[in-house]
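> coordinates only, sequence not included:
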């Protein structure tokens, strides 16, 4: 069954997977980034998770509000629990020195595999998604995952003003 699932997966999904692996791997290395570059990953993950929630469950107000609640709650919790960043601002190059971490890779893959799994299950067991609690939980989960990227970006940006 796994081989059948993989062979019926569109090729662009494999391209996206490889691209996300590359982006996640870059996050594991210490790097210098400009402010505009720092915002690309959080915005990309917001878009990917929003697309994951709405393409799977529709553009209902409830889905979008739960997704947004997930984004906001994980952003706020991330800022409260992890208020300090070990990043530093380099005034001469107007860039941030950001330490590497495996956490972004984990969250990137969580968003990807959640979307992939929901897609597979929608095609082989669509009746699962008649369960409103499951659908609403997944919509919030997408938001929670992407909110972590916003919290991290905000923590890094705060280093500039300290």
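Nice, thanks for sending it over. Being a predicted model, the structure only gives us computed values, none of them experimental.

> quick one: furthest residue from the center of the chain?
residue 92 (31.1 Å; CA atoms, centre = their mean).

> that residue in helix, strand or coil?
coil (DSSP: H, G, I helix; E, B strand; the rest coil).

> check what pLDDT it gets.
Residue 92 is assigned a pLDDT of 93 by the prediction.

> quick one, longest helix in the protein?
helix 132-161 (DSSP state H).

> and it, which residues are buried?
135-136, 138-157, 159 (16 or more other CB atoms under 10 Å). C-beta: built from backbone N, CA, C; applies to glycine.

> unless I misread the structure, residue 115 falls within a helix.
Yes: according to three-state DSSP, residue 115 belongs to a helix.

> so who does it touch?
Residues near residue 115 by CB atoms under 8 Å, 6 or more residues apart in numbering: 48, 51-52, 56, 142.

> contacts for the helix or strand residue 13 falls within next, please.
Per DSSP states H and E: residue 13 is located in helix 11-27. Contact with helix 11-27 is made by 41, 44, 100-105, 108-109, 112, 116, as judged by CB under 8 Å, 6+ apart.

> neighbours of residue 113, how many?
11 (other CB atoms under 10 Å).

> so how far is residue 36 from it?
29 Å (CB to CB, to the nearest Å).
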